[in-house]
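> sequence and predicted model, in that order:
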Amino acid sequence: MSVRNIALGILFLALASLPYWMDGIFYINVSSQILFYAIFALGLNVLVGYAGLVSLGHAGLFGVASYATGFLLAEGFGHTEAILVALVIGVASTAVFAALSLRTTGIGFIMITLALGQILWGLAYRWISLTGGDNGINLHGRPAPFGISLQSPTAFYYATFVVFVVSVVAVAIFVRSPFGAALMGTRDQPRRMNALGYHVWMIRFIACLLSGLLTCVAGILFVYYTQFISPQALALTSSAEVLLMVISGGPATLLGPIVGAVLVVVVKNVVSGFLERWNLLLGAIFVAIVILMPEGLVPGTARLWRAAWQRMRRRADAAGTPGDAEPKP
Amino acid sequence: MTALAVTRLCKAFGGLRVTTDVNLNVEPGERRLIIGPNGAGKTTLFNLITGELTPDSGSIELFGQDITRVPSRRRPHLGMARTYQIITLFARDTILRNVTLALLGLSKVRWNPIAVLDRQHGLVDRAHEALQRVGLGHIADRPLSQTSYGERRRVEIAMALAQNPKVLLLDEPFAGLSIDERQDVQKLLRAIPRDVTIVMIEHNMDVALDFAERITLLHFGEVVVEGTRAEVVDDPRTREVYLGH
């Protein structure tokens, strides 16, 4: 059993039992937020980490799914229909996003996704008949799958937890799959991948769709969580925040985006209660991560852990069998 | 039937004509060497043949099939493989994964998002075989970042060979190798069966001349001399353009 699997097991048990040891509705709600932001970050990580395509427009897609859900519910649709149609609209928007932005990579890709995200943000503000403009859309009630109402924070937490586990497992399977390997190949050597017979554009396009799907799932959880959606959710700062989750936690790792989501959500919601300048703290933490662990918290910690482990073993070897020890140069 | 037929191929970058009316006919099983001074357009010719560059005019046929308009990503599926002059490998992965990716590229499994790649025994076993062929079987699981330059050259060749190509394009396979490594690669290339047609760009005349049956000399994007090894080496234009006096 690897250290990673042990960490995942402990994480699973801790999250599954969270409402029993976590005191207070506030913290349970913060945990729900962490989970759906983690799904969002996992989705973005498919692009940033595994495809090597940095998107600054993902909050737009997140918002499309949120608004679609809110709008359909306000129009009188049921929860199931609203959620399914919102997913379809969200993924379809992702397809348009991808078709436009995949004409380039690198900086070009970032700029096009940024522009598309801003267009959606602008639409949310200005298309008042559809979005309610500044006032946003209010939701009335959460769904009750299998007759279990999700109104209480604990029930909603568990629903989010289930979706979160499914998302993590899906990404874990994807990463080990032939298609996942092909995607990482297009990140590292697109030219070679093309020469080996891969359809690089199509691989990236499908990765965008997967990323968009997870983003929309997170968006729907978000709109049910807050029961309100306004243009703020589509702002550039939201895209940047999720990107920072991925980068600070460690792109192209499974745990990284989750750790990043914990970091950002906790500082934003919990630390902000004690510290007025929590933004400054978040910035300082990011600077520290960039200096100390440029590869991200998860790979960085793993590196330090391995180094410490080796040091310990060497010391144990030296102390245990002095006769056999290699002569020091 | 000709294995690879290039007819009146032209390519210009702006005003710079890098390939001018190039004709090249390579018979099945042939070992063809392409030589020429730096900037003669040898690698450009390879990029045109593999489709990474689109020619301005002219045609390319692979075993009688016109592939001029076939996208480059389809050409490996038709039996064309290449290696790069500048090593182009997946540095984060193991040697085995590099070769597995080469095999996966021609397999339908490459679109599968659910299966576990490491358990695709058909692919992994064939990748091991390809590595045995180039003498890297014993270090298959080593990360590419921990291999020597010579080993990487052989990984490049293993990836191309793993795809079981009908036409193999080798772009300076001996570049940067030590004398010992050169001999290893030379042995390796000699062992490639005759059902593989090989076109090779190489500067190192000792190893290249030994390998080639026919030679094409390019200069400023044009074919200057073409013929058997002896004909080209003895041609005065070869001495003038390439070998020196």
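Looks like it arrived, so ask away. Note that the structure is a prediction, hence the values are computed from the model and not measured.
> any idea how far residue A:259 is from residue A:289?
Noted for residue A:259: a distance of 11 Å to residue A:289, by CB to CB, to the nearest Å. Where you see a C-beta, it was placed from the backbone N, CA and C, and this is true even at glycine.
> what is in contact with those two at once?
Overlap between the neighbourhoods of residue A:259 and residue A:289 consists of A:248, A:297, taking contacts as CB atoms under 8 Å, 6 or more residues apart in numbering or on different chains.
> show me what contacts residue B:153?
Residues B:87, B:173, B:174, B:175, B:176, B:177, B:181, B:185 are the ones in contact with residue B:153 under the rule CB under 8 Å, 6+ apart.
> quickly find the element holding the last one.
Assignment of secondary structure by DSSP states H and E places residue B:185 within helix B:179-190.
> how about the CA coordinates for that helix, as CSV?
Presented in CSV, the C-alpha positions along helix B:179-190 are these (Å, rounded to 0.1, in the frame of the first residue of the first chain):
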residue,chain,number,x,y,z
ILE,B,179,32.0,5.4,-31.3
ASP,B,180,30.8,2.5,-29.2
GLU,B,181,27.2,3.7,-29.2
ARG,B,182,27.5,4.2,-33.0
GLN,B,183,28.4,0.6,-33.5
ASP,B,184,25.5,-0.5,-31.4
VAL,B,185,23.1,1.6,-33.5
GLN,B,186,24.7,0.4,-36.7
LYS,B,187,24.2,-3.2,-35.7
LEU,B,188,20.7,-2.5,-34.7
LEU,B,189,19.9,-0.9,-38.1
ARG,B,190,21.5,-3.7,-40.0
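> chain center to it: distance?
16 Å (CA atoms, centre = their mean, to the nearest Å).
> picking up where we left off before, closest to residue B:134 among the contacts of residue B:153?
Using CB to CB, residue B:185 comes nearest to residue B:134 of the contacts of residue B:153, at 8.5 Å.
> can you list the low-confidence ranges for the chain?
All of this is about chain A. Low-confidence regions of chain A, defined here as pLDDT under 70, cover residues A:1, A:320-329.
> can you look at chain B instead?
Using pLDDT under 70, chain B drops low at B:244-245.
> so what's the residue nearest to the spatial centre of chain A closest to, chain neighbours aside?
Computing the C-alpha centroid of chain A and ranking residues by CA atoms, centre = their mean puts residue A:41 first, at 1.0 Å. Once flanking residues are discounted, residue A:41 sits nearest to residue A:257: 3.4 Å by CB to CB, 6 or more residues apart in numbering or on different chains.
> mind listing what that neighbour touches?
Residues near residue A:257 by CB under 8 Å, 6+ apart: A:38, A:41, A:42, A:44, A:45, A:49, A:245, A:246, A:249, A:250, A:251.
> neighbour-wise, give me the winner out of those.
With neighbours defined as other CB atoms under 10 Å in any protein chain shown, the most crowded of these is residue A:41; it has 34 neighbours.
> pretty sure that one sits against residue A:241.
No - in this structure, residue A:41 is not within contact of residue A:241 by CB atoms under 8 Å, at 9.4 Å.
> OK, contacts around residue A:294?
Contact analysis of residue A:294 by CB under 8 Å, 6+ apart lists residue A:300.
> please enumerate the strands of the stretch 1-150 of chain A.
A:137-138 (DSSP state E, counting those that start in this stretch).
> in it, what residue is nearest chain B?
When you check the stretch 1-150 of chain A against chain B by CB to the nearest CB, the closest residue turns out to be residue A:46, at 10.9 Å.
> what's the closest non-adjacent residue to that residue?
The shortest distance from residue A:46 to any residue other than its chain neighbours is 4.2 Å, reached at residue A:211 (CB to CB, 6+ apart).
> what helix or strand is the one you found on?
Using DSSP H and E, residue A:211 falls within helix A:200-226.
> give me the helices and strands touching the next helix or strand after that helix, please.
Using DSSP H and E, the helix or strand that directly follows helix A:200-226 along the chain is strand A:228-229. Using 3 or more CB pairs under 8 Å, 6 or more residues apart in numbering or on different chains; DSSP states H and E as the contact criterion, the secondary-structure elements in contact with strand A:228-229 are helix A:58-74, strand A:137-138.
> what's the closest of those to residue B:236?
Taking CB to CB, helix A:58-74 is the member of the helices and strands packed on strand A:228-229 nearest to residue B:236, at 65.2 Å.
> which neighbouring elements make contact with that closest one?
Based on contacts counted as 3+ CB pairs under 8 Å, 6+ apart, the elements that helix A:58-74 packs against are helix A:25-45, helix A:79-101, helix A:106-126, helix A:128-131, strand A:137-138, helix A:200-226, strand A:228-229, helix A:236-249.
> redo those as TSV? Include distance to residue B:155.
Below are these laid out as TSV (distance: least, CB to CB, whole Å):
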stretch	distance to residue B:155
helix A:25-45	29
helix A:79-101	33
helix A:106-126	27
helix A:128-131	54
strand A:137-138	56
helix A:200-226	21
strand A:228-229	52
helix A:236-249	31
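> identify whichever of these lies nearest to residue B:221.
With CB to CB as the criterion, residue B:221 lies closest to helix A:200-226 of the helices and strands packed on helix A:58-74, at 28.5 Å.
> now that closest one: buried residues?
Neighbour-count burial for helix A:200-226, counted by 16 or more other CB atoms under 10 Å in any protein chain shown, picks out A:200-201, A:203-204, A:206-226.
> same check on stretch B:144-154?
Using 16+ other CB under 10 Å as the test for burial, stretch B:144-154 gives B:144, B:147, B:150, B:151, B:152, B:153, B:154.
> ok, now stretch B:222-242?
Of the residues in stretch B:222-242, those buried under the neighbour-count criterion (16+ other CB under 10 Å) are B:223, B:224, B:225, B:226, B:229, B:232, B:233, B:235, B:238, B:241, B:242.
> narrow those to those in strands?
Assignment to strands by DSSP state E places the following of the buried residues of stretch B:222-242 there: B:223, B:224, B:225, B:226.
> could you dump those residues into a markdown table with distance to chain A added?
Conversion of those to a markdown table gives the following (distance: CB to the nearest CB, whole Å):
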| residue | distance to chain A |
| --- | --- |
| B:223 | 25 |
| B:224 | 28 |
| B:225 | 29 |
| B:226 | 26 |
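> for those residues, which one is nearest residue B:33?
Distance to residue B:33 across these (CB to CB) is lowest for residue B:226, with 10.6 Å.
> please name the residues that touch the residue nearest to the closest one when sequence neighbours are not counted.
Excluding its sequence neighbours, the residue lying closest to residue B:226 (CB to CB, 6+ apart) is residue B:216, at 4.7 Å. Listed by CB under 8 Å, 6+ apart, the contact partners of residue B:216 are B:24, B:32, B:33, B:34, B:35, B:223, B:225, B:226, B:232.
> how does it look with 6 Å?
By CB atoms under 6 Å, 6 or more residues apart in numbering or on different chains, the contact list for residue B:216 reads B:34, B:223, B:226.
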